[in-house]
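*Asks:* Build the 3D model from these lines:
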Amino acid sequence: QLQLVESGGGLVQPGGSLRLSCAASGFTSAYYAVGWFRQAPGKERAGIACISGDGNVLNVVDSVKDRFTISRDDAKNTITLQMNSLKFEDTAVYYCAADRHPIGCTMTSKQYNYWGQGTQVTVSS
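*Replies:* Numbering: from 1, shown residues only. Prediction:
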């Protein structure tokens, strides 16, 4: 059974850092593109980063490009989102998603069929 589990969320002060992990099980993550999404209260879920199955294609939205980094460790079947210089507006539930994509990756939620349960990130002083 294909499963994704996020971890690493929590409460952090502005300017702080968090490292989110997406642990994949039930499939070999190296064949799957993975995206990170977030949903703030009252807003739609939005893609913020993705990485291709082979790790060669990485995309990060401009609004967080200078602060967030996506990476994958296929030996551990884990995809990581490193978040630095966090801001109040980064507060959201963060989700990882996976699916087979022959080339590259996408930050369109409809193109992912497998989702984790989400992890809360709260940036507050």
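
*Asks:* confidence score at Ser29?
*Replies:* As summarised for this prediction, Ser29 has a pLDDT of 65.

*Asks:* what do you get for Leu2?
*Replies:* Here, the pLDDT recorded for Leu2 equals 86.

*Asks:* residues near it, how many?
*Replies:* Other residues near Leu2 come to 13 when the count uses other Cβ atoms under 10 Å. C-beta: built from backbone N, CA, C; applies to glycine.

*Asks:* i'd like the first residue to be 427 from this point on
*Replies:* Yes, from this point I'll number from 427; that puts the last item at Leu428.

*Asks:* so it makes contact with Tyr540?
*Replies:* Yes. Counting by Cβ atoms under 8 Å, Leu428 does reach Tyr540; the two are 5.3 Å apart.

*Asks:* Grab the most central residue of the chain for me.
*Replies:* Centrality entry for the chain: nearest residue to the mean C-alpha point is Trp462, 2.4 Å, by Cα atoms, centre = their mean.

*Asks:* In three-state terms, label that one for me.
*Replies:* Each residue gets one of three states, and Trp462 gets strand by DSSP: H, G, I helix; E, B strand; the rest coil.

*Asks:* Is it correct that it is in contact with Leu446?
*Replies:* Yes. Using Cβ under 8 Å, Trp462 and Leu446 qualify as a contacting pair, with a distance of 7.3 Å.

*Asks:* which residues are common contacts for the two?
*Replies:* 507, 520, 522 (Cβ atoms under 8 Å, 6 or more residues apart in numbering).

*Asks:* Is it correct that the second one is in contact with Thr548?
*Replies:* No. In terms of Cβ under 8 Å, Tyr520 does not count as a neighbour of Thr548; the distance is 10.9 Å.

*Asks:* Those two: who's more crowded?
*Replies:* Shown here are Tyr520 and Thr548; by other Cβ under 10 Å, Tyr520 has more neighbours (23 against 15).
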